[in-house]
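**Q** predicted model follows, preceded by the sequence.
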Protein chains: 4
Amino acid sequence: MTQIKFNTALIVGAGSGLSAALARALVTEGIKVALAARSTEDLAGLAQQIGAVTLACDASRRTDVEKLFADLDDGFGSPEIVIYNPSYRTRGPLVDLDPDEVEKSLMVSAFGGFLVAQQAVRRMLPKRHGCIVFTGASASIKGYAQSAAFAMGKFALRGLAQSMARELHPQGIHVAHMVIDGGIKSARREEQPGKPASLLDPNSIAASYLHVIHQPHSAWSAEVELRPWVESF
Amino acid sequence: MTQIKFNTALIVGAGSGLSAALARALVTEGIKVALAARSTEDLAGLAQQIGAVTLACDASRRTDVEKLFADLDDGFGSPEIVIYNPSYRTRGPLVDLDPDEVEKSLMVSAFGGFLVAQQAVRRMLPKRHGCIVFTGASASIKGYAQSAAFAMGKFALRGLAQSMARELHPQGIHVAHMVIDGGIKSARREEQPGKPASLLDPNSIAASYLHVIHQPHSAWSAEVELRPWVESF
Amino acid sequence: MTQIKFNTALIVGAGSGLSAALARALVTEGIKVALAARSTEDLAGLAQQIGAVTLACDASRRTDVEKLFADLDDGFGSPEIVIYNPSYRTRGPLVDLDPDEVEKSLMVSAFGGFLVAQQAVRRMLPKRHGCIVFTGASASIKGYAQSAAFAMGKFALRGLAQSMARELHPQGIHVAHMVIDGGIKSARREEQPGKPASLLDPNSIAASYLHVIHQPHSAWSAEVELRPWVESF
Amino acid sequence: MTQIKFNTALIVGAGSGLSAALARALVTEGIKVALAARSTEDLAGLAQQIGAVTLACDASRRTDVEKLFADLDDGFGSPEIVIYNPSYRTRGPLVDLDPDEVEKSLMVSAFGGFLVAQQAVRRMLPKRHGCIVFTGASASIKGYAQSAAFAMGKFALRGLAQSMARELHPQGIHVAHMVIDGGIKSARREEQPGKPASLLDPNSIAASYLHVIHQPHSAWSAEVELRPWVESF
């Protein structure tokens, strides 16, 4: 068994607690990290702390994504690991949803994943080396009432991940879809008193991402679900 | 057991063999049919034969869909049955896909389904009466290699259907997603000699659509898969 | 499109409301019906009413099942339709379950299905003609807490149905697994006042079984789920 | 994030390459290991090498399993980790399967899993601490043609695992079902020349088992699939 080694990683949709935890975990392993987000302002502190690069990018825009990878090519290098986190959701009864918001959910949650993945894979294929991880949600596998837009975006992202895994695994590129089935702990979202570990700890999630990323060729996971012990499912 | 009765139906994405078969089956039961497609030219013959109305509509455009339903309101009446068939696919290695085509696949296969469903449900809810059927494919439940765009669009449509079923069934509106798992017989796509029924007969598909549409409240299907007997799965 | 025609049917696990409804629906179509159950006492009234044959059989016993089919061969004829309904459940925390009851759940819910199916298929294969329907439940696709035994039995039955569908569809034998997702209305289980159709009506279920049974070769369903409109899922 | 710590492990169905790899990986982490198999003869060498205990046990027999745990209680201690590997398969056309073999597949692949899990959980519940891992296969999620018996056994085991996860996660006991989707490398089953990592390396599988076992409460996986990079799915 040989763990796969990586030197560079790109996290798209950086800013949330999960992205920060992922960035820290990658850097701890000696992997260089680039953080891309629509606004890089909030990333400055983290980036300085861990020595990461930051880049501004609206992942749902083709030209932004092309520029992101071109910029990385100049200096940082092609990312060998790419993690795609962005999603956009709008909630409410189907009849009340704003079509523009529904379209945005598809564009940010799924189409952006395609744009980023396509640029990444173009750089990975010649080396037959790379790992792409998509962040899913409960809504990726179950369409909930009053959440049609999010279900559409997250289902679509899962369809992309499945198609890519079937196409790219035999070419040496690992594609994984992570189903995060529960709320993530953050500064704004604290666990209720007396309910320890009732929310997903970003560091715990990151540990499973890192495990999947390092899986040797002989035993790859294409989908892993993670949920707190007390979460009903 | 009481079958649910309907008076009016709208088929979107009319033109293919499936839509024609559905239209004939509905008319045979005394249901008035409206056919909507981007171009209504090809529909003229069928429409005249069965006494159906035709309307031009690009289902992925909000204004087109709003106009479609406004036009139906004037005269034809609100459709009590709505069937959504359109899809758009582009194939090839992930790295070669044209992003504009991928976006179009999401827009036609999934976003158009939302636009049409939203208009339909607005009219159905006050009467707590109606049935919406989405046409899925093998790609709705399995992301195939070299078919990322179609997987994205069809997965998204299934997410929409699931979310709508959970939200709307208790409000009296039946939402069903049909997984058509195999090729459909058509003028251009004939069965191979010696392989009878190796393609899906549009009339056989239509019979199952009609069965689902008429299911009484006590036993609704939210998803039905159909495939030829010789199809591997 | 040609509906498939059948002359004879065997319903195993007869006695419940569903079996009676299925029997009536089949007889109405001119199909001769045989009813098999562990005890035939309760079947006498129904059998006389609809002109059905009754046979005693513990479906989880190999010799019983062999005798059942041998008896049918003498006179009634080989059943062209076979419906398998029996299940056995025991509930409670995992640690409290009686292992004998768990074994019985596997034997009645799943192994009996295999025994009956094997005898049936032996008679259907030479004619490449027949339909076998297995009755599943919510527990067939979701393992619920405090219901391990039922989950084991119903999952196993679904595994059998899937394997048989993949093996036998190309040989002309239709195998379908019906997921009954909700409570069935019966003399003992009435709908709550003000909640019409909140339980599955056996006649509505039977209508969908009959539809599946008659599907032409070009569009077979291998699994169909049925649930009341108000059932959450 | 705090990894969960364990002191003792029981591997049932020891003997195969996977069990040996698991045993080594556990011992490397300082965990005491007990190996149970129908015959302990083949285990002697491994047990001596890694300092493991061996016990004879036919996991499909209630009295054997009760004795196994009673014996462990005397000296070794209650296992905090339990891994269930046994399965039994018979292949061939449905009509040719020997019913006794089909029953054995259910008993060994699924009922034994229940027996072992029940004894294990009785000991884990008072401490609200423990992890139970079931080894699944491709057949756990897809019923293949000519493999009805294996599908029945493996589906049933998955039903058990799902039910247990829903019941026991909130009580502090982690239950995971591993879908091993591909052939496992062994002395008898070598990779084809020029196809590196085309079989699952037992050590790679073990690494993912260990990762799941150590997952902290806030991010548990209930099911993880593993397959070689070149495996089609």
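**A** Right, received. Where do you want to start? Residues are numbered from 1 along each chain as shown, chains lettered A, B, ... in the order given.
**Q** please make it C-alpha for all contacts and neighbour counts, starting now.
**A** Noted.
**Q** quick one: least confident helix or strand in chain A?
**A** helix A:44-50 (a mean of 94; mean pLDDT, DSSP states H and E).
**Q** show me the contacts for A:Met164.
**A** Listed by C-alpha atoms under 8 Å, 6 or more residues apart in numbering or on different chains, the contact set of A:Met164 reads A:Val175, B:Leu94, B:Gly143, B:Tyr144, B:Ala145, B:Gln146, B:Ala148.
**Q** just the buried ones among those residues, please.
**A** For the contacts of A:Met164, a burial check counting by 16 or more other C-alpha atoms under 10 Å in any protein chain shown picks out A:Val175, B:Leu94, B:Gly143, B:Tyr144, B:Ala145, B:Gln146, B:Ala148.
**Q** inside helices: which ones of those residues?
**A** If you go by DSSP state H, those have B:Ala148 in helices.
**Q** of the buried ones among the contacts of A:Met164, which belong to strands?
**A** Among those, the members falling in strands (DSSP state E) are A:Val175.
**Q** in JSON lines, list the buried ones among the contacts of A:Met164 along with pLDDT and distance to chain C.
**A** Below are the buried ones among the contacts of A:Met164 laid out as JSON lines (pLDDT from 0 to 100; distance: C-alpha to the nearest C-alpha, whole Å):
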{"residue": "A:Val175", "pLDDT": "98", "distance to chain C": "27"}
{"residue": "B:Leu94", "pLDDT": "98", "distance to chain C": "30"}
{"residue": "B:Gly143", "pLDDT": "98", "distance to chain C": "20"}
{"residue": "B:Tyr144", "pLDDT": "98", "distance to chain C": "19"}
{"residue": "B:Ala145", "pLDDT": "98", "distance to chain C": "22"}
{"residue": "B:Gln146", "pLDDT": "98", "distance to chain C": "25"}
{"residue": "B:Ala148", "pLDDT": "98", "distance to chain C": "26"}
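**Q** keep only the buried ones among the contacts of A:Met164 that also lie close to chain D.
**A** Among the buried ones among the contacts of A:Met164, no residue lies close to chain D (C-alpha under 8 Å from any C-alpha of the partner chain).
**Q** which parts of chain A are strands?
**A** A:8-12, A:32-37, A:53-56, A:81-84, A:130-137, A:173-180, A:223-226.
**Q** ok now the second one, how far from the chain's centre?
**A** Once both centres are worked out by C-alpha atoms, centre = their mean, to the nearest Å, strand A:32-37 turns out to sit 12 Å from its chain's centre.
**Q** likewise stretch A:9-16?
**A** What separates the centre of stretch A:9-16 from the centre of its chain is 7 Å, taken as C-alpha atoms, centre = their mean.
**Q** alpha carbons only: can I get that stretch in PDB?
**A** Output in PDB follows, covering the C-alpha atoms of stretch A:9-16 (Å, rounded to 0.1, in the frame of the first residue of the first chain):
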ATOM      1  CA  ALA A   9      -3.900  22.100  -3.400                       C
ATOM      2  CA  LEU A  10      -6.600  24.500  -4.500                       C
ATOM      3  CA  ILE A  11      -9.600  25.100  -2.300                       C
ATOM      4  CA  VAL A  12     -12.500  26.900  -4.100                       C
ATOM      5  CA  GLY A  13     -15.200  28.500  -2.000                       C
ATOM      6  CA  ALA A  14     -12.700  29.200   0.800                       C
ATOM      7  CA  GLY A  15     -13.900  31.300   3.700                       C
ATOM      8  CA  SER A  16     -16.200  29.000   5.500                       C
END
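**Q** how about the residues of chain A that lie near chain D?
**A** So chain A meets chain D at A:1, A:166, A:169-170, A:172, A:174, A:197-201, A:203-205, A:208, A:211, A:215-233 (C-alpha under 8 Å from any C-alpha).
**Q** quick one on the thing from earlier: now do the least confident helix or strand of chain A: everything it contacts.
**A** Residues outside helix A:44-50 that contact it (C-alpha under 8 Å, 6+ apart): A:Ala20, A:Ala23, A:Arg24, A:Val27, A:Leu35, A:Ala52, A:Val53, A:Thr54.
**Q** for the residues you listed, which one is nearest B:Lys185?
**A** Nearest to B:Lys185, judged by C-alpha to C-alpha, of the contacts of helix A:44-50 is A:Leu35 at 49.8 Å.
**Q** the closest one pairs with what?
**A** Assessed by DSSP bridges, A:Leu35 has beta-bridge partners A:Ile11, A:Thr54.
**Q** give the residue spans of chain A that score low on pLDDT.
**A** Scanning chain A for pLDDT under 70 picks out A:1, A:15-16.
**Q** list the contacts of stretch A:204-219.
**A** With contact meaning C-alpha under 8 Å, 6+ apart, stretch A:204-219 is reached by A:1-5, A:18, A:21-22, A:25-26, A:81, A:131, A:133, A:172, A:174, A:176, A:178, A:220-221, A:226, D:1, D:197-201, D:204-205, D:208, D:211, D:215-216, D:218-219, D:226-229.
**Q** just the buried ones out of the residues you listed, please.
**A** Among the contacts of stretch A:204-219, those that count as buried by neighbour count (16+ other C-alpha under 10 Å) are A:1, A:18, A:21-22, A:25-26, A:81, A:131, A:133, A:172, A:174, A:176, A:178, A:220-221, A:226, D:1, D:197-201, D:204-205, D:208, D:211, D:215-216, D:218-219, D:226-229.
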